[in-house]
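[1] A predicted structure for the sequence below; I have some questions about it.
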Amino acid sequence: MASSSNEAAPMNATVDRPPSPLESLIEAEDSLSASQASLSSSVFEFIHEHGHRYHRKGEALLPNDETEQNRLDLQHQIFRMLLDGGLTLTDLPTDEPLQILDVGCGTGIWAIQMGDALPNATIRGIDESPIQPSWVPPNVQFEIDDVTKPWLITPASIDFVHIRTMAGCIPSWPTLLRSALGALKPGGLIEVTDIMWHFECQDGSMTPDCASVKWADNFHELASMTFHVDFGPSPKMEGWLKDAGFEDVEVRTKIVPVGPWPKDRRLKEIGRYFLIQMLEGGMENYSIGLFTKAGWEAAEVHAMLGRVRSEITDPKVHSFTRAWFITGRKGQSLGSTAAL
Ligand SMILES: C[S@@+](CC[C@H](N)C(=O)[O-])C[C@H]1O[C@@H](n2cnc3c(N)ncnc32)[C@H](O)[C@@H]1O
């Protein structure tokens, strides 16, 4: 019955015509699921170097493997001790339905404990590495994303932004802080926290040419000269927050002893945890990628770290560093159109 003028095309022929609405929809869904599949598989693509696992992007200087995850969880306990058991220096209302954002949430330990502590709040943790557990409190969500890219968060929707130990991960703090300001509701709060890799001593037991000072100096110099990243941004944070438009900016620092040398029991405990954190991952995880990418031999790095290790485990050396807590508030007059 087929007429010669209107013959059906064979099944395998290329049909040169615009796709029907149904075909367009199927194509769009296929390409969406293909891009989602590539996103979800690509975040699980890791690089293995020097016995560590790194996020796939070449410039990742810190690993995301088990040693780093254990270190992050140990470091979290140090922050809780510094905060006398708390999770923030900022006072937050405990019974309101706060929207909280944890930028670079790591293993998610802070977000999960916040979710337990504030059952009425919703905690959203964002990180580029998928190292968070899947079983979490119902008010906690994790997302995989790059926080240095424009934020997809609804402007003026967040009550509190938490940014902890992101030194070395952020190429432009002013840009990140502007994103945070845009995401915050008027009157919303921010807390930026870090522990400096910079060793001090008040009794002369650590000399200026000792191994830990040299290591830290080399580390900061290579990070800024070779990789253009700042592993010690805390002293500049107050100015950056004010420049971004935050108000009531306050800076508070707390002593973190390197080792259990202090007499004070609380500081002794913090020092013990911090020393373990350095020995069990901190020094190597922060150093091996950065120094080798900058041209050092792995053996040279390990030899340097060996010298630092013997120094910081010597109870006669009384060194310490500081944790920085910088807090601020978005002004009431800055509405939802604040810069993103
Ligand atoms: C030192 S960890 C801190 C983790 C967590 N804030 C804490 O205090 O336990 C830094 C985290 O930032 C994440 N990170 C680094 N660059 C990032 C980026 N551009 N976007 C999202 N996350 C990033 C890393 O994957 C890592 O989990």
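    That came through fine. Everything numeric here is computed off the predicted structure, so don't read it as measured data. Numbers count the residues shown, from 1 in each chain.
[2] Flag every residue of this structure that's near the ligand.
    55, 62, 64, 72, 76, 104-106, 110, 127-129, 146-148, 164-166, 169 (Cβ under 6 Å from any ligand atom). For the C-beta atoms, the positions are set from N, CA and C on the backbone; glycine is no exception.
[3] Which ones among these map onto strands?
    55, 127, 164 (DSSP state E).
[4] on that earlier part again, would you list the buried entries among the residues of the chain next to the ligand?
    55, 62, 64, 72, 76, 104-106, 110, 127-129, 147, 164-166, 169 (16 or more other Cβ atoms under 10 Å).
[5] what ranges do the helices span in this structure?
    Applying DSSP state H to the chain gives helices spanning 21-42, 66-82, 109-117, 173-183, 211-227, 234-244, 265-277, 283-293, 298-312.
[6] angle of the third one against helix 66-82?
    Using axes from the mean of the first three to the mean of the last three Cα atoms, to 10 degrees, the inter-axis angle of helix 109-117 relative to helix 66-82 is 50 degrees.
[7] Determine the set of other helices and strands touching helix 109-117.
    helix 66-82, strand 99-103, strand 122-127, strand 140-144, strand 158-164 (3 or more Cβ pairs under 8 Å, 6 or more residues apart in numbering; DSSP states H and E).
[8] go on, the second one?
    Identification of packing neighbours for helix 66-82 by 3+ Cβ pairs under 8 Å, 6+ apart yields helix 109-117, strand 184-195, strand 246-257, helix 265-277, helix 283-293, strand 319-330.
[9] Report the buried residues of the fourth one.
    Translated: helix 265-277. 267, 269-277.
[10] Any idea which residue of the stretch 101-250 of the chain lies closest to the ligand?
    Relative to the ligand, the nearest point of the stretch 101-250 of the chain is Gly106 (2.6 Å; Cβ to the nearest ligand atom).
[11] any idea how far that residue is from Gly86?
    Between Gly106 and Gly86 the computed distance is 18 Å (Cβ to Cβ, to the nearest Å).
[12] what do you get for Gly331?
    Distance from Gly331 to Gly86, by Cβ to Cβ: 26 Å.
[13] can you check Thr148 too?
    29 Å.
[14] got it, and Ser212?
    Ser212 is 29 Å from Gly86, by Cβ to Cβ.
[15] nearest to Ile326, of the helices and strands packed on helix 109-117?
    Proximity to Ile326 (Cβ to Cβ) singles out strand 158-164 among these, at 9.3 Å.
[16] if we can go back for a sec, isn't the residue of the stretch 101-250 of the chain closest to the ligand right next to Pro130, touching?
    No. Using Cβ atoms under 8 Å, Gly106 makes no contact with Pro130, being 11.4 Å away.
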